[in-house]
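K.L.:
build me a structure from this.
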Amino acid sequence: MLNKSKINFIALAAVLALSACSGELTVDDGKVKASMGNKKQETAKEFVDRVNQELIPMSEEGAKTAWVAATYITDDTQMLEALNSEKFLAYNSEIIEQTKDLDLADADAKTLRAINIIKTGSTLPAPNDAIKRAELATIMSGLGATYGKGKYCPNGPDSCKNLGELSKTLATSRDYNEQLEAWVGWRTISPEMKKDYSRFVELSNEGAKELGFANTGDLWKGGYDMTSAEFEAESEKLWNQVKPLYDELHCYVRDELVEQYGADKVSKDGPMPAHLMGNMWSQQWGEIYDLVEPYPGVAEFNVTSALEAMQVEGNNEQDKKMNKAVKMVNMAEEFFTSLGLPALPESFYEKSLFLKPRDRDVVCHASAWPMDDKDDVRIKMCIEPTSEEFTTIYHELGHIYYFMMQKDQPALFKAGAHDGFHEGIGDTLTLSMTPKYLQQIGLVESVESNEQAIVNQQMKLALDKIAFLPFSKLVDQWRWDVFAGKTTPETYNADWWKLRTKYQGIIPPVERSEADFDPGAKYHIPGNTPYTRYFLAHILQFQFHKSLCETAGHTGPLHECSIYGNKEVGKRLGDMLAMGSSQPWPDAMQAVAGTREMDGSAIIEYFDPLMTYLKKENAGKTCGW
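P.N.:
Numbers count the residues shown, from 1 in each chain. I've put the predicted structure just below:
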C-alpha cells in the first residue's frame, strides 16, 4: 500500500503532491512568508495562481529531503527532514491566514475549490506558532525514524530481526509459539512512541482548530465533498454492504484454524488470535491459504514459486535479485502500456529504490513518489519475489500513472478525486490479473478452469481483499476517536483492541496493557497517513473494475474479466486520471464508472461463487463472535 510522505501539505497529498513557487519566500524572525509581490490586494484567482507557482520548488525540495530521509535513515537526514517539514508547515499556516482576507464574492468554482483544498488538504495541520511547528515537525520525523529502524533483539544485537524477517515467520511458520514470539517481538518497538504520539495529537488538534475544525479527524473527514457526519454515514453504509461476505469468510477461516491449532488455542465461536492470520497486523490472510484451501490441489498455481523460479542474468546474487525486481516492475508497467498509457520515464528505473540496501536502514514500506513538476517519479520498495510484492508493484504504479496523467493540472489539483481514487487505481488493475492473464505473460504455464478451481482462486483473493476491509475501516475510526478526545492516552491500547475485536473478530494472543502501544506497530500511525483511503479503494476497485469491464464489452461473470490490452478502457481510465482533483469526486466517478455514488455491491457480485460455497460450508455452524 502506498505511504505518502509525512510532509503532506495540500497538493502534497500525492506524496508531497508536488507542486508549485513563482513568488518569493522570505524568512522574517523565523517565519516563512509567501510574497505578495507588488500587489497590495490580490483577487482570489490571483492568490490561487500564486500559490500554485510557489509550491513547485518548495515541493521538489521537500520531496528530495523526504526521499533521502526514508532511504538513508540517520540522525542527520531526520534533522534535515524535520527542518524542511517545519518550513512547509509554516508556509501552510501563512497561506491559510491569507485566505481569510480574500474577497470570494466573484470567485469562480475552480478558484473556490482550490481555496477549499488549501484549507482542508493537509493531514498534518500545524499551530500558527513557530516553536510549536518546529516541535511538531521534529516529533513526526522521530516517529517515522523509530518505526523505520525498528528491530526485535531478544538476545542482544546479534539476535536482531527486522519487520521483514518477523513477518516471514508469521507467514510461513505454523508453530503457535514461534508465531507468537514474532508477533509480540515487533510490538516492542512502539511503546516508546506513545508519549510523542500523544503530544502530536495535541499539536495537530490545535492546528486544526485554528482552521475552523473541531479536531484533526474532523479535518480529515472534510476532504470528501461532504460533511463529516455524511462521510461517516457513507463509510458505514459501504461496510454494511460487504460485511455479510466478511462474516462468512471469518466463520470458515476460524473453523479451519481450530482444526490446525486446536480448540484450546482458537475459540470455536469467538474472535481469532491475531498472530495466526499470516500477517503482522492480521489485515490480510493470504499467507494462510494452505490452511483454508477449499479444494486441495485444484487449480494450484503458486505465483510466488513462479517468481522465485524466474530466470534472470547477473554477475552475483545481488545483481540477480536486482534484475529480478526490475523484471517484476517491467511486467507491471507492460500492463499499463497495453492500455495505451505512456511508458515510464527512464529516470524511474534509474532513481527508484527496488531492493533493501545491505549497508543501511531504509523505510521499506512501499510508496510512490512524484519528485518534481516534470517527470521524476519513483517507487520505494524492498522487493521480494512474492505474489504479494508483485501485486503491490501494480498498486504503486497505479499511483505513478495518476501522477503522470495529471501532470498538466496546477499544483493544487495534483491529487486524486479523493484519496480512495488514488489508492484504488493500481488495485483495479490487479483484479485483471486473472489466471488467463498470468498465463498470457508467461508466469504460469496452464490454468485449470472449473467450479472448484474458481472457488479456490476466489478464496485466495478474498483472504487479502475481503479480510482487509474491516481493518482498513477501523484504523481511522480509532484515530478519529483519539483526535476527538473520546480515546485518551490512558485507553489508547484498550480502545484499539475493542475496535479490532468489534470489526475484525480478532483478539491479541496475549494480554496487552496501556504500557503497550500496539497502534504504533502499524506504519500509518507514526507515519500519520490516513487509512480510510484504503477502505474506500477496496470498495472502488471492484466498482471501477465492473464499469471498465462493461466498457471492454465483457459479458461473462465479473471475476473472469481482464481489461489487459484494451485501449478503449485505457482511454477512459486515462481521462479520469488526468482530471486530478480539479472536480468533485462524483464527477470523476461519473467519468469512469457512469454513476455519481460509491457502491460496494460489485464486491458481492464478483465473489458470488465463493459466497455460495461459504454459506454451504458454514451451514449449521455458530458464526459471529
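K.L.:
kindly state the domain boundaries assigned to the chain.
P.N.:
Split into domains by automatic domain parsing, the chain comes to 10-150+189-223, 304-348+377-447+532-592.
K.L.:
between those, which one is nearest to Asn240?
P.N.:
Asn240 lies closest, by Cβ to Cβ, to one member of those: domain 304-348+377-447+532-592, at 11.7 Å. (C-beta placed from N, C-alpha, C; glycine too.)
K.L.:
mean confidence for the closest one?
P.N.:
Summarised as a single mean, pLDDT over domain 304-348+377-447+532-592 is 93.
K.L.:
which residue ranges of the stretch 501-625 of the chain form helices?
P.N.:
Taking DSSP state H, counting those that start in this stretch, the helices of the stretch 501-625 of the chain run over residues 532-551, 567-578, 585-593, 601-606, 608-618.
K.L.:
by contact count, what packs against the fourth one?
P.N.:
Other elements packing on helix 601-606 under the criterion 3 or more Cβ pairs under 8 Å, 6 or more residues apart in numbering; DSSP states H and E are helix 228-261, helix 532-551.
K.L.:
check which residues of that helix are buried.
P.N.:
For helix 601-606, burial by neighbour count (16 or more other Cβ atoms under 10 Å) applies to Ala602, Ile603, Tyr606.
K.L.:
give me the contact list for that helix.
P.N.:
Contacts with helix 601-606, where a contact means Cβ atoms under 8 Å, 6 or more residues apart in numbering, come from 241-242, 244-245, 431, 465-466, 539, 542-543, 545-546, 558-559, 611.
K.L.:
now the buried members of these.
P.N.:
The buried subset of the contacts of helix 601-606 - by 16+ other Cβ under 10 Å - is 241-242, 245, 431, 465-466, 539, 542-543, 545-546, 558-559, 611.
K.L.:
what's the most buried one of the helices and strands packed on helix 601-606?
P.N.:
Highest mean neighbour count of the helices and strands packed on helix 601-606: helix 532-551, a mean of 24 (counted as mean count of other Cβ atoms under 10 Å).
K.L.:
and it with helix 228-261, angle?
P.N.:
90 degrees (axes from the mean of the first three to the mean of the last three Cα atoms, to 10 degrees).
K.L.:
can you point out the buried residues in stretch 317-330?
P.N.:
By neighbour count with 16+ other Cβ under 10 Å, stretch 317-330 contains the buried residues Lys321, Met322, Asn323, Lys324, Ala325, Val326, Met328, Val329.
K.L.:
just the residues you listed now: which is nearest Met381?
P.N.:
Set against Met381, the nearest of the buried residues of stretch 317-330 by Cβ to Cβ is Ala325 (8.0 Å).
K.L.:
that closest one and Glu317, how far apart?
P.N.:
As judged by Cβ to Cβ, to the nearest Å, Ala325 and Glu317 stand 13 Å apart.
K.L.:
that older thread, can you redo the helices and strands packed on helix 601-606 as CSV with distance to Asp373?
P.N.:
Output for the helices and strands packed on helix 601-606, formatted as CSV (distance: least, Cβ to Cβ, whole Å):
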stretch, distance to Asp373
helix 228-261, 31
helix 532-551, 24
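K.L.:
which one of those helices lies closest to Asn450?
P.N.:
helix 228-261 (20.5 Å).
K.L.:
now for the closest one, which elements pack on it?
P.N.:
Secondary-structure packing of helix 228-261 (3+ Cβ pairs under 8 Å, 6+ apart): helix 216-221, strand 272-273, helix 289-292, helix 451-484, helix 532-551, helix 601-606, helix 608-618.
K.L.:
need the contact list for the closest residue to Met405 other than its chain neighbours.
P.N.:
Leaving aside its chain neighbours, Met405 sits nearest to Leu577 (3.7 Å; criterion: Cβ to Cβ, 6 or more residues apart in numbering). Leu577 makes contacts with Tyr401, Tyr402, Met405, Gln406, Ile425, as judged by Cβ under 8 Å, 6+ apart.
K.L.:
ok, and the closest non-adjacent residue to Val623?
P.N.:
Not Val; residue 623 is Cys. Closest residue to Cys623 apart from its sequence neighbours, by Cβ to Cβ, 6+ apart: Cys251 at 3.7 Å.
K.L.:
thought Gly620 was touching the one you found, still the case?
P.N.:
No - contact criterion Cβ atoms under 8 Å: Cys251 and Gly620 do not qualify, at 11.0 Å.
K.L.:
for the strand or helix carrying Arg133, buried residues please.
P.N.:
Per DSSP states H and E, Arg133 falls inside helix 130-148. By 16+ other Cβ under 10 Å, the buried positions in helix 130-148 come out as 130, 132-148.
K.L.:
mind giving me the packing neighbours of it?
P.N.:
By 3+ Cβ pairs under 8 Å, 6+ apart, helix 130-148 packs against helix 44-71, helix 75-99, helix 194-210.
K.L.:
filter the contacts of Leu577 down to the ones in helices?
P.N.:
Tyr401, Tyr402, Met405, Ile425 (DSSP state H).
K.L.:
would you agree the last one is in contact with Phe403?
P.N.:
It stands for Ile425. No - look at Ile425 against Phe403 with Cβ under 8 Å: they stay out of range, at 10.8 Å.
K.L.:
spatially nearest residue to Val362 (excluding sequence neighbours)?
P.N.:
Thr71 (4.9 Å).
K.L.:
and that neighbour, how close does it get to Leu463?
P.N.:
From Thr71 to Leu463 the distance is 32 Å (Cβ to Cβ).
K.L.:
ok, those two, which is more surrounded?
P.N.:
Per other Cβ atoms under 10 Å, whichever of Thr71 and Leu463 has more neighbours is Leu463, with 22 against 18.
K.L.:
could I get the pLDDT score of that one?
P.N.:
At Leu463, the model reports a pLDDT of 97.
K.L.:
skipping adjacent residues, who's closest to it in space?
P.N.:
Trp285 is the one closest to Leu463 (Cβ to Cβ, 6+ apart), at 4.1 Å.
K.L.:
can you give me the neighbour number for the one you found?
P.N.:
Neighbours of Trp285 (other Cβ under 10 Å): 25.
K.L.:
thought it was touching Met277?
P.N.:
Yes - using Cβ under 8 Å, Trp285 makes contact with Met277 at a distance of 4.9 Å.
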